[in-house]
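> The following block contains a protein sequence and its predicted model.
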Amino acid sequence: MRIIIIKIIQLSVYWPFMLLFRIFLNFKVSGTDNLKKAGDSFIIAVNHVSYLDPISVSLAIPFRLKYFPLYYMASDYFYKILFFYRFVGAVRAHEGRDLELSGRPLINLLANGERVVIFPEGAINRGAKSRPRRGISYIATKSNKLIVPLKIESNLDGSVSVVGGKVFDLLTGKHRIKMIYGKPFKIEDTIGKRPESLSELRKASDDVFKRIEAAK
């Protein structure tokens with residue numbers, strides 16, 4: 001029942017949000033042919049720019065029943081305080097715990113043919129250089145699913161407010177969001193094998209993020 005509710009909600013808000021994003025954020029998407037190569041079940045790996053990113057990712061997906069619902073790994077903080085999160089596709093990250101505990105819910109979803117979205121950085125990038133976390137590589141290894149890199153090119157500032165920028169700036173059309181899909185790949189394409197050790201998972205995650213940044 002929860003899956004049906006999530007799907008209905010995501011599909012019902014798709015076009016209203018698309019209209020708003022195109023008017024106020026000059027929203028554009030390119031490279032969707034790369035997404036088609038990934039089949040119906042896959043992992044979307046995306047950089048994290050602002051609090052609007054989960055919505056941006058949903059809108060970057062073509063409006064097809066087979067692509068919904070989408071599931072997102074969400075921080076424990078927002079998952080706890082925002083009860084509705086669990087009904088829009090959020091999955092608790094279990095931050096600070098072992099990879100199996102935090103990754104198992106998404107691995108199970110992928111095993112059932114679903115689609116998951118992971119932000120390898122684990123949080124909004126506020127300008128400081130931080131290495132992507134191991135979770136993306138662990139989940140990709142255990143699920144054996146293709147990873148689709150998705151780059152967000154935007155001038156939104158996640159440090160300003162929960163809407164990714166001052167409301168006044170949103171109304172003046174100063175902001176922009178462009179979503180760019182890269183070519184899908186398997187995790188073994190990153191380091192030449194499936195990562196096993198923590199150091200290999202780290203290196204593989206680094207390569208995943210490089211592929212996100214290289215999308216054009």
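Cool, got the structure.
> I'd assumed I6 was in a helix, is it?
Yes: secondary structure of I6 (DSSP: H, G, I helix; E, B strand; the rest coil): part of a helix.
> How about the contacts made by it?
If a contact means CB atoms under 8 Å, 6 or more residues apart in numbering, then I6 has P69, Y71, F87, V88, G89 as its contacts. Heads up, the C-betas are built off the backbone N, CA and C, glycines and all.
> which of those are buried?
Buried subset of the contacts of I6 (neighbour count, 16 or more other CB atoms under 10 Å): P69, Y71, V88, G89.
> Can you pick out the most distant pair from these?
Farthest apart among the buried ones among the contacts of I6 by CB to CB are Y71 and V88. That separation is 9.8 Å.
> Pretty sure K193 sits in a strand.
No: counting by three-state DSSP, K193 is not part of a strand but coil.
> how far away is it from S143?
16 Å (CB to CB, to the nearest Å).
> same thing with G135?
Separation of G135 from S143 (CB to CB): 12 Å.
> Same drill for K193 and S143, tell me which one is more crowded.
Neighbour totals were compared for K193 and S143, and S143 leads with 21 against 11 (other CB atoms under 10 Å).
> how about that one, what does it touch?
Going by CB under 8 Å, 6+ apart, S143 touches I43, L106, I107, L110, A111.
> again, only using 10 Å
By CB atoms under 10 Å, 6 or more residues apart in numbering, the contact set of S143 is S41, F42, I43, G103, L106, I107, N108, L109, L110, A111, V116, I187.
> So what's the gap between stretch 3-11 and the chain middle?
How far stretch 3-11 lies from its chain's middle: 17 Å, per CA atoms, centre = their mean, to the nearest Å.
> Check which residues of that stretch are buried.
I6, I9, Q10.
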